[in-house]
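Visitor: make a model of this:
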Amino acid sequence: MDFFTILAQTTQTASQTAESTVAPIDVIWGHVTSLNLLEALMFVSFGSVCLFYGWRIFKILVIISFALLGLFLGVTASDLIGGGHQILAGLIGLGLLAAISIPLMRWAVSILGAVAGGILTSGIWYACGLTDKYIWAGALMGVIAGGMISFIIFKIAVMLFSSLGGSGLMVTGLLALLYLWPKTQGQVQTLVFDNKWFLPAALMVSTAAGIFLQNKFIKGHKNWNI
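Guide: Here you go, the predicted model:
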């Protein structure tokens, strides 16, 4: 039960912080600095699997993603209604969305592809130094483009969301490893906070590499399908 308590508290904290900042760099950096050596290595390891072989395990990734979304929605609903049943509401939301995503797998993948497109374009908006207040406009363009592509070509949706998720885990783990090394601790923090292009560039380059390699792997498996 402690595991779900931590998840619920983290979700609530992230939700509250997001209300006070458009581009939550402090939240991202807080997660990076909170990882120990073993956790950082796990992030890099699991991220590399998602990045290069997400097309093999995409169903599990979809279920996990929607389960976490259900947890977030359950905790949020509990906060709005009141009553102090965050853990129960989170578990109900987790189980409900995880179960729904299984029969609606193609729709779930397309939704995740659209979300991935929104994250990438909002990252470009932030990297270009455009007004943070309107970053939602950049995200909306990516959601529309990513959603259209995902509904037309299913394989692109799989490669897009799994590569983005894997690159996010890998970048977080690698930054944590560099932060744990005293010689690079200051340089990493400077890169993250003083260079807006750094995090989006790291995410997009690794995502592009994952899509390129996954496309090659999928071509070698002609019978691959949902």
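
Visitor: out of everything not next to it in sequence, what's closest to the most centrally placed residue in the chain?
Guide: Residue closest to the average C-alpha location in the chain (C-alpha atoms, centre = their mean): residue 165, at 4.8 Å. The shortest distance from residue 165 to any non-neighbouring residue, by C-beta to C-beta, 6 or more residues apart in numbering, is to residue 50 (5.3 Å). Using the backbone N, CA and C atoms, a C-beta is placed for each residue, glycine as well.

Visitor: what pLDDT is listed against the one you found?
Guide: Note for residue 50: predicted pLDDT of 91.

Visitor: that one sits in which helix or strand?
Guide: In the assignment (DSSP states H and E), residue 50 maps to helix 37-53.

Visitor: next one: the very next helix or strand once past that helix to chain centre, how far?
Guide: Sequence order places helix 58-81 as the next helix or strand after helix 37-53, per DSSP H and E. In terms of C-alpha atoms, centre = their mean, to the nearest Å, the centre of helix 58-81 is found 13 Å from the chain centre.

Visitor: start the count at 449 instead of 1 going forward.
Guide: From this message on, residue numbering opens at 449, which makes the last subject helix 506-529.

Visitor: the very next helix or strand once past helix 506-529 versus helix 506-529: what angle between them?
Guide: Where DSSP H and E defines the elements, the next helix or strand beyond helix 506-529 is helix 534-549. Here helix 534-549 runs at an angle of 140 degrees relative to helix 506-529 (axes from the mean of the first three to the mean of the last three C-alpha atoms, to 10 degrees).

Visitor: tell me what angle the helix or strand following helix 534-549 forms with helix 534-549.
Guide: Next along the chain after helix 534-549, taking DSSP H and E as the criterion, comes helix 553-575. Interaxial angle of helix 553-575 relative to helix 534-549 (the same axes, to 10 degrees): 120 degrees.

Visitor: any idea how far helix 553-575 is from the chain center?
Guide: With C-alpha atoms, centre = their mean as the basis, the distance from the averaged C-alpha position of helix 553-575 to the chain average is 9 Å.

Visitor: stretch 572-588 too?
Guide: Stretch 572-588 sits 18 Å away from the centroid of its parent chain (C-alpha atoms, centre = their mean).

Visitor: ditto for stretch 527-541
Guide: With C-alpha atoms, centre = their mean, you get 23 Å for stretch 527-541.

Visitor: need the distance between the two termini of that stretch.
Guide: Stretch 527-541 has an end-to-end distance of 13 Å (C-alpha to C-alpha, to the nearest Å).
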